[in-house]
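**Q** need the 3D shape of this:
(chains A and B)
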Amino acid sequence: MDIGIIIAGILTLAIFTFLYRDNPIYRLVEHLLIGLSIGYALVIYWQTTLVDILFRPLFTGGKPVLLIPLVLGLLMFSRFNSRLSWLSRIPIAFMIGAGAGVAIPAMLYARTLKQVSASVMPLIDDGGFHIEALVVALGLLSTLAYFYFSREHEGLMGKAARLGTYFLMVFFGATFAYTVMSRMSTFIGRIDFLLTDFLRLIG
Amino acid sequence: MTPAGIRWIIFAGLFAVVTLSYLVVVDFGSLSSPEVQKSYDYLENLPEGAVVMVSFDHEASSLPEIQPIALAILRHIFRSNLKPVGVSLFAEGTAIGYRLMNKTAGEFGKKYGTDYVFMGFKPQQIAAILGMGESIKNIFPEDYLGTPVEKLPLMADIENYDDIEMVISIADGSLTVHWIEYAGAKYGQPVMAGLTAAMITSYDPYLSSGQLFSVVGGLKGAAEYESLIGRKGGGTRGMMAQTTTHLYVIVLIIIGNIFYFRSKTKSGAKQ
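**A** Here you go, the predicted structure:
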């Protein structure tokens, strides 16, 4: 049997010991997972970001312009010194400015304009009456009414807000149910691994 | 009984239900949801040699749910003689993506560099996605193994998203949103997703608006896809367990409510 499968099987069983109660074996494997995840990410980031994108092109590829991001990056470490920490605002300002410049138009288009246009659907067309368009319109308006706090939730506004809470509850219920399904799937996946690959009880 | 004791019984029951479910083989048929069918039909109707990008945007911890989805889609891609370009925008997904692509490519006798490539991980997802819209070679000058892109025959005719038929983001979080917002909205690149079940409702608005082409979601989606390609795997094997655990949870909810209302009635009678 592959050594990787043996190790993975033992570690899976060690994690399952938590179902009995918190114990040193579980803690050891939990710390191992966190350490491995961070260590792996650090190596990947070091190689793919600092070495591939910065050091190699700068020192062997003849791209002196890369000194600018190198200096900006190093300025971030000035936060460790209280007298020099103001210098870190320069790369932070650059990151926020560039990030906002890239993100705002894209998010405005994808998350607002496209979503609004998709919410406005004809109730009746050549295909007849569309009940789903009515549900979308009711859900959209009533949920917005629930989050509109500039007016008392009384009368028609109160009823609309109340309807909005029902739509929200349906959404939260569906999301929670999918999350339970997802967690069950993770558990099932590990049992599948133990029975098929580790213990080889089923083919 | 103490709360800890009750919890232990619930977990032990769950363990027994899942384990026993694996001993009972039930064929759930080949009914597939419209979204999974749409994903399958799209890839099935692509011409041989068409290039698709598969992005492994997930952590290792979601592998039990992600792997059956990824394997089913990759097997369909290789069976249809499509040419996948693998990338990863999440560090942990890098080695997993490489392993899954090699495993499935090996099953169909595909050759690295000619039939498929894996470009590896790229940090700063938004910049990477936008950059690939201009030039994939600039963003990935070499592949995961360090081979210069010029030496990869598959990459010779691939410049940017114009040469990619579909981006398939295998994700357990919000990274697919970046593909939708930047590759989709800015470059008109169609995006398909393979998602964990927990993420499905988060992507429903994008699906309804047409910004996301289709979704293969959760273990159920994987089982449906496996059924469509006619090759059973982790998704199909897990469906019986998935069904019984759901029934188990429903039974627990009913029992919990019975005890709740009984205790409420008793406390009401005392007052």
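**Q** closest point of chain A to chain B, which residue?
**A** Distances between chain A and chain B by CB to the nearest CB are smallest at residue A:189, namely 2.0 Å. Every residue, glycine included, has its C-beta placed from N, CA and C.
**Q** and the nearest residue to that residue once chain neighbours are set aside, what does it touch?
**A** In space, and not counting its chain neighbours, residue A:189 is closest to residue B:64: 2.0 Å by CB to CB, 6 or more residues apart in numbering or on different chains. Neighbour list for residue B:64: A:185-190, A:192-193, B:234 [criterion: CB atoms under 8 Å, 6 or more residues apart in numbering or on different chains].
**Q** out of the residues you listed, who's nearest residue A:144?
**A** Among the contacts of residue B:64, residue A:185 lies closest to residue A:144 (CB to CB), at 34.0 Å.
**Q** just checking, the closest one touches residue B:237?
**A** No. If you go by CB atoms under 8 Å, residue A:185 and residue B:237 don't touch, sitting 11.7 Å apart.
**Q** between these two, which is the more surrounded one?
**A** residue A:185 (29 against 23; other CB atoms under 10 Å in any protein chain shown).
**Q** what's the helix or strand for that one?
**A** If you go by DSSP states H and E, residue A:185 is part of helix A:155-193.
**Q** same for that helix, what does it pack against?
**A** When contacts are defined as 3 or more CB pairs under 8 Å, 6 or more residues apart in numbering or on different chains; DSSP states H and E, helix A:155-193 packs onto helix A:3-16, helix A:131-146, helix B:3-21, helix B:63-79, helix B:200-208, helix B:218-229, helix B:234-270.
**Q** make JSON lines out of these and add distance to residue A:156 and mean pLDDT.
**A** JSON lines is the format used below for these (distance: least, CB to CB, whole Å; pLDDT from 0 to 100):
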{"stretch": "helix A:3-16", "distance to residue A:156": "54", "mean pLDDT": "93"}
{"stretch": "helix A:131-146", "distance to residue A:156": "9", "mean pLDDT": "93"}
{"stretch": "helix B:3-21", "distance to residue A:156": "46", "mean pLDDT": "87"}
{"stretch": "helix B:63-79", "distance to residue A:156": "44", "mean pLDDT": "95"}
{"stretch": "helix B:200-208", "distance to residue A:156": "27", "mean pLDDT": "92"}
{"stretch": "helix B:218-229", "distance to residue A:156": "40", "mean pLDDT": "93"}
{"stretch": "helix B:234-270", "distance to residue A:156": "35", "mean pLDDT": "88"}
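**Q** looking at these, which is closest to residue A:84?
**A** helix B:200-208 (41.6 Å).
**Q** what pLDDT does residue B:28 get?
**A** At residue B:28, the model reports a pLDDT of 64.
**Q** ok so, going back, top of the contacts of residue B:64 by neighbour count?
**A** When neighbours are counted by other CB under 10 Å, residue A:185 leads those with 29 neighbours.
**Q** show me the contacts for it.
**A** B:64-65, B:196-197, B:218-219, B:238, B:242.
**Q** out of the residues you listed, which comes closest to chain A?
**A** Taking CB to the nearest CB as the measure, chain A lies nearest residue B:64 of the contacts of residue A:185, at 2.0 Å.
**Q** check chain A for me, the residue farthest from its geometric middle.
**A** The outermost residue of chain A relative to its centre, with distances by CA atoms, centre = their mean, is residue A:126 at 40.8 Å.
**Q** may I have the phi/psi pair for that one?
**A** Torsion angles at residue A:126 (phi, psi; degrees, to the nearest 10) stand at phi -60, psi -30.
**Q** contacts only, for residue 79.
**A** Since no chain was named, I'll use chain A. Residue A:79 sits next to A:85, A:88 when contact means CB under 8 Å, 6+ apart.
**Q** that's the wrong chain, I meant chain B
**A** Contacts of residue B:79 were listed using CB under 8 Å, 6+ apart, and they are B:108, B:229.
**Q** for it, give its distance to residue B:118.
**A** Distance, residue B:79 to residue B:118, using CB to CB, to the nearest Å: 19 Å.
**Q** list the buried residues in stretch B:242-251.
**A** Neighbour-count burial for stretch B:242-251 flags B:242, B:244-245, B:248-249 (criterion: 16 or more other CB atoms under 10 Å in any protein chain shown).
**Q** send the alpha carbons of it over as CSV?
**A** Coordinates of each C-alpha in stretch B:242-251 appear next as CSV, following Å, rounded to 0.1, in the frame of the first residue of the first chain:
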residue,chain,number,x,y,z
GLN,B,242,-25.7,11.3,1.5
THR,B,243,-29.4,10.1,1.4
THR,B,244,-29.3,8.1,4.6
THR,B,245,-27.4,10.9,6.5
HIS,B,246,-30.1,13.4,5.4
LEU,B,247,-32.8,11.0,6.6
TYR,B,248,-30.8,10.6,9.9
VAL,B,249,-30.7,14.4,10.3
ILE,B,250,-34.5,14.6,9.7
VAL,B,251,-35.2,11.9,12.3
